[in-house]
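Novice: here's a sequence, model it:
(chains A, B, C and D)
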Protein chains: 4
Amino acid sequence: MRLKHNFYWSDEFCEQSMDRSLLINQVGNIFVEQMPFNRLLGISIHTLNAKCAMIELPWKDEFIGNPTQKILHGGVISAVLDNVGGMLAAASIINKLPDEELCNVPHKLATLGTIDIRTDFLRPGRGESFIASATLIRSGNKVCVCRMELHNEQNLQIAFGTGTYLVG
Amino acid sequence: MRLKHNFYWSDEFCEQSMDRSLLINQVGNIFVEQMPFNRLLGISIHTLNAKCAMIELPWKDEFIGNPTQKILHGGVISAVLDNVGGMLAAASIINKLPDEELCNVPHKLATLGTIDIRTDFLRPGRGESFIASATLIRSGNKVCVCRMELHNEQNLQIAFGTGTYLVG
Amino acid sequence: MRLKHNFYWSDEFCEQSMDRSLLINQVGNIFVEQMPFNRLLGISIHTLNAKCAMIELPWKDEFIGNPTQKILHGGVISAVLDNVGGMLAAASIINKLPDEELCNVPHKLATLGTIDIRTDFLRPGRGESFIASATLIRSGNKVCVCRMELHNEQNLQIAFGTGTYLVG
Amino acid sequence: MRLKHNFYWSDEFCEQSMDRSLLINQVGNIFVEQMPFNRLLGISIHTLNAKCAMIELPWKDEFIGNPTQKILHGGVISAVLDNVGGMLAAASIINKLPDEELCNVPHKLATLGTIDIRTDFLRPGRGESFIASATLIRSGNKVCVCRMELHNEQNLQIAFGTGTYLVG
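Specialist: Numbers count the residues shown, from 1 in each chain, chains lettered A, B, ... in the order given. From the prediction side, this is the model:
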């Protein structure tokens, strides 16, 4: 997950910029609507604020990592965990910016990127839909570390992740 | 990456089964032709034997993880690294099976699965096509550990991975 | 952390062997009393059962990873997290053994070993004493995955870990 | 591994400061002579420059992670890998500083710290002495990623590591 360079920020960006939650919403929309691979995944945002991020992944047959069982490919799981961790890292950047720097959010987010991610696959990725959630375990000026989880619609945990993000 | 349960082994499986390289080829084909998410990725096999695995990933616009730059989404990178490590783990299982157990390859591979994977993103995933390669650093009866790399067509390294696979 | 080969099981092992909690206690004692590096660390057991493990690490000046600040060396942190995860993996093996196999605990534990561990350093390791705790997130017949945390005596989290253990 | 705050830089620091290799040597000495836990480990420097770091660890009975076998405790292995990666990260910082900033090396290194480290245990840690080596796989202004290996005196590989370091 990389948020390099200019995104298509909405025109009203400057007027909205004083409101952190609106900004965080805009960043969430960039992730789900403007990133082609995320459109392919079909993720949608459940919750996104400076403390917690939750996104939903629908089941799609293309995600199968196995011809005879309906199980998510591990790469889909890693991608969703990386996304939810990156969204939380972005929200936490916005939350910590002083008011006078809120105009610089697009520039600030341009440096956001995943440094490394570890995924632990706990159970076969079986389900009708999935929720990926992230919590912040280290929130520094340069680096954030997030802990991520993937559950299916029956609240069975499928995977666990730890991601380190460059934020400044 | 999970190779659970029965795959569509070709009819001639039993006759071929004494030849380890044919078996390894068959397993490679299962990965690239029978796993829906891998068909979506469009990976193809470059090299696959008990010592080394190399696969190719073409550029596709759907892989973009960023609307303004042509850069691979981190999830695509993790998926490809997981695949190449899993293919090498499978080849190494086949290579170590005694002759009389070669008929059990489908059963043996049914337990193959990724336990955990770490991806280190080194450079933006820019390129026209990509080569993912894997080498075995631990080859046990129950667990294999692989080291993976992703380079673009100009041989620039984009990512590095370490994967632990359940093999027995 | 490796529990290879025969440990000095107490003489009464056979008679005690029907009681899982006594066995788990014995294994805990092996970790803290019979492993030279753990004696050097000076760890002691706080809680050890099939669901949870907690051990205490005292402050010692030899643990300093920095001459001008009283901060734990990262290697001490990784060592303590590895220990607490390994102890929980051992307890979970004992808990899952059928009664008739409890006599084989020493043999079963001989194969226990850490496959890989990730440590995330969240804050400088400052404190007077430290508690490392572990919970099981994957408990298979061959592999266990534990999530570990290190807090100081003021309950400030210092590190986070994820460990994969070979258990069968 | 953390290099926070002031170290005991030798008096001649200012005069020497134009020579990067002398500075790198000084930093190496800080690691092996001024960090109490490293003195306990007894590590010594084999090679240290901006491209590569190699340190030696002698066998000591206190390092045993097992009472019946002479095998290194995993925590000792993680500690040595963390050290060699951190030393290389420090050397690479010094190497990239412009001449006029070389006086700020102590300040620059004060922010150096391990963000996360993964250790893969490949073989039992048996040997008479050990060499830990590191190579840089990502060298940024804020974050370095190193790949580390541990071999024994017979050149048998015992462990493999990947470490992410905050460098700016």
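
Novice: anything in the strand or helix carrying A:P106 near chain D?
Specialist: Using DSSP states H and E, A:P106 maps to helix A:105-109. No: judged by CB under 8 Å from any CB of the partner chain, helix A:105-109 makes no contact with chain D; its nearest approach is 13.7 Å. Every residue, glycine included, has its C-beta placed from N, CA and C.

Novice: tell me where chain A has strands.
Specialist: Using DSSP state E, the strands of chain A run over residues A:44-48, A:52-58, A:113-121, A:129-139, A:143-152, A:157-166.

Novice: any idea how far the third one is from the chain center?
Specialist: Read it as strand A:113-121. 12 Å (CA atoms, centre = their mean, to the nearest Å).

Novice: for chain D, see how far away the residue lying farthest from the centre of chain A is.
Specialist: Centroid-distance maximum for chain A: A:T68 at 29.9 Å, with CA atoms, centre = their mean. To chain D, A:T68 is 31 Å away according to CB to the nearest CB, to the nearest Å.

Novice: pull the contacting residues for the most centrally placed residue in chain A.
Specialist: For chain A, the residue nearest the mean C-alpha position is A:V84 (2.5 Å; CA atoms, centre = their mean). For A:V84, the contacting residues are A:A53, A:M54, A:I55, A:A132, A:S133, A:A134, A:C146, A:M148, by CB atoms under 8 Å, 6 or more residues apart in numbering or on different chains.

Novice: rerun that using 6 Å as the cut-off
Specialist: Each residue near A:V84 by CB atoms under 6 Å, 6 or more residues apart in numbering or on different chains is listed here: A:A53, A:I55, A:A132, A:A134, A:M148.

Novice: pull up the residues of chain A that are close to chain C.
Specialist: By CB under 6 Å from any CB of the partner chain, the residues of chain A that approach chain C are A:R118, A:D120, A:L122, A:I137, A:R138, A:V145, A:F160.

Novice: let's see it at 10 Å
Specialist: Applying CB under 10 Å from any CB of the partner chain, we find that chain A lies next to chain C at A:116, A:118, A:120-123, A:137-140, A:145-147, A:149, A:157, A:159-164.

Novice: among these, which ones are buried?
Specialist: Buried subset of the residues of chain A next to chain C (neighbour count, 16 or more other CB atoms under 10 Å in any protein chain shown): A:116, A:118, A:120-122, A:137-140, A:145-147, A:149, A:159-164.

Novice: list the buried ones in stretch A:39-47?
Specialist: A:L40, A:L41, A:I43, A:I45.

Novice: which of the residues you listed fall within helices?
Specialist: Judged by DSSP state H, those include A:L40, A:L41 as members of helices.

Novice: could the buried residues of stretch A:39-47 go into a markdown table alongside pLDDT?
Specialist: Shown next, in a markdown table, are the buried residues of stretch A:39-47 (pLDDT from 0 to 100):
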| residue | pLDDT |
| --- | --- |
| A:L40 | 97 |
| A:L41 | 98 |
| A:I43 | 98 |
| A:I45 | 98 |
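
Novice: which of the buried residues of stretch A:39-47 sits closest to B:Q26?
Specialist: A:L40 (29.2 Å; CB to CB).

Novice: the closest residue to that closest one other than its chain neighbours: how many residues sit nearby?
Specialist: The shortest distance from A:L40 to any non-neighbouring residue, by CB to CB, 6 or more residues apart in numbering or on different chains, is to B:E62 (5.0 Å). Neighbourhood size, B:E62 [other CB atoms under 10 Å in any protein chain shown]: 14.
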